[in-house]
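Colleague: Fold the following, please.
(one chain, ligands or ions: 2)
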Amino acid sequence: MSTHDELAELLGSRVRDIPDHPKPGIVFKDITPLLADPVAFGALTEALAATAGRLGATKVVGLEARGFILGAPVALAAGIGFVPVRKAGKLPGATLSQSYDLEYGSAEIEIHAEDLTADDRVLIVDDVLATGGTAEAAIGLVRRTPARLVGLAVLMELGFLPGGTRVRDALGEVPYQALLTV
Ligand SMILES: O=P(O)(O)OC[C@H]1O[C@H](OP(=O)(O)OP(=O)(O)O)[C@H](O)[C@@H]1O
Ligand SMILES: Nc1ncnc2[nH]cnc12
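Modeller: Numbers count the residues shown, from 1 in each chain. Ligands and ions are numbered 1, 2, ... in the order given. This next block holds a predicted model:
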């Protein structure tokens, strides 16, 4: 993939709008067409793996569930580990947990407390940044571990919501990347 604009155009062309899902008034950004296209999925994986490499990340933290689909191949492509942040009640070991609000509800996420060590440099990966609530909660979780947070990368930011500003404020000097703004 030669330029940032070409990548954004390819990725954007594979995201489908579903009006009124899961609630009236929400335009759902469906990434399943992108996942079904190996060229687009491969280009996305390559771009995020390059980000992980540039930041010297040692772990990708993926956010359930779509952040797993994107984050796991990114970790493999970058040659680093993958750590899941799951919805509450799913992880079997000792966890750290954090509640947050969504564009269409509220939720609680958890991470295994022992999965990140002081030697780790963490890149958080997810598909969509909407209100920024999920990302902000994940930032808080990672910061409660001994690891160092080195970046947050998403496929797309919903530009009509203030999530970008919210996570930039939460991240401070830590880099934020959205491959697309829609
Ligand atoms: O910026 P926010 O307003 O927090 O919204 C973004 C989050 O919402 C979606 O996840 P969702 O909780 O719907 O779960 P899913 O990935 O399991 O579908 C999406 O995958 C992000 O994680
Ligand atoms: N509009 C939206 N489309 C897809 N995923 C989302 N997560 C939060 N808001 C979303």
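Colleague: check whether the helix or strand harbouring V61 contacts ligand 1.
Modeller: Under the assignment given by DSSP states H and E, the secondary-structure element containing V61 is strand 59-63. Yes. For a cut-off given as CB under 6 Å from any ligand atom, strand 59-63 has contacts with ligand 1, namely L63. (Each C-beta comes from the backbone N, C-alpha and C, glycine too.)
Colleague: residues of the longest helix anywhere in the chain that come out buried?
Modeller: When the chain is parsed with DSSP state H, its longest helix is helix 38-54. Buried positions in helix 38-54, judged by neighbour count with 16 or more other CB atoms under 10 Å: A40, F41, A43, L44, T45, E46, A47, L48, A49, T51, A52.
Colleague: With stretch 71-83 instead?
Modeller: In terms of neighbour count (16+ other CB under 10 Å), stretch 71-83 has its buried residues at G71, A72, P73, V74, A75, A77, A78, I80, F82, V83.
Colleague: Tell me the one among those nearest to ligand 1.
Modeller: G71 (11.0 Å; CB to the nearest ligand atom).
Colleague: Dig out what the closest residue to that closest one other than its chain neighbours forms beta bridges with.
Modeller: Setting aside the residues directly before and after it, G71 is nearest to G62 in space (CB to CB, 6 or more residues apart in numbering), at 2.7 Å. Counting by DSSP bridges, G62 forms beta bridges with P84, V125.
Colleague: Isn't G62 up against V83?
Modeller: Yes. G62 is in contact with V83 according to CB atoms under 8 Å; the separation is 7.5 Å.
Colleague: for ligand 2, what are the nearby residues on this protein?
Modeller: Those residues of the chain that sit near ligand 2, judged by CB under 6 Å from any ligand atom, are I26, V27, F28, K29, E103, V128, A130, L158.
Colleague: Just the buried residues of the helix or strand of the chain with the lowest mean pLDDT, please?
Modeller: Confidence across the helices and strands of the chain bottoms out at strand 95-102, with a mean of 90, counting by mean pLDDT, DSSP states H and E. Under the neighbour-count criterion of 16+ other CB under 10 Å, strand 95-102 has T95, L96, S97, Q98, Y100 buried.
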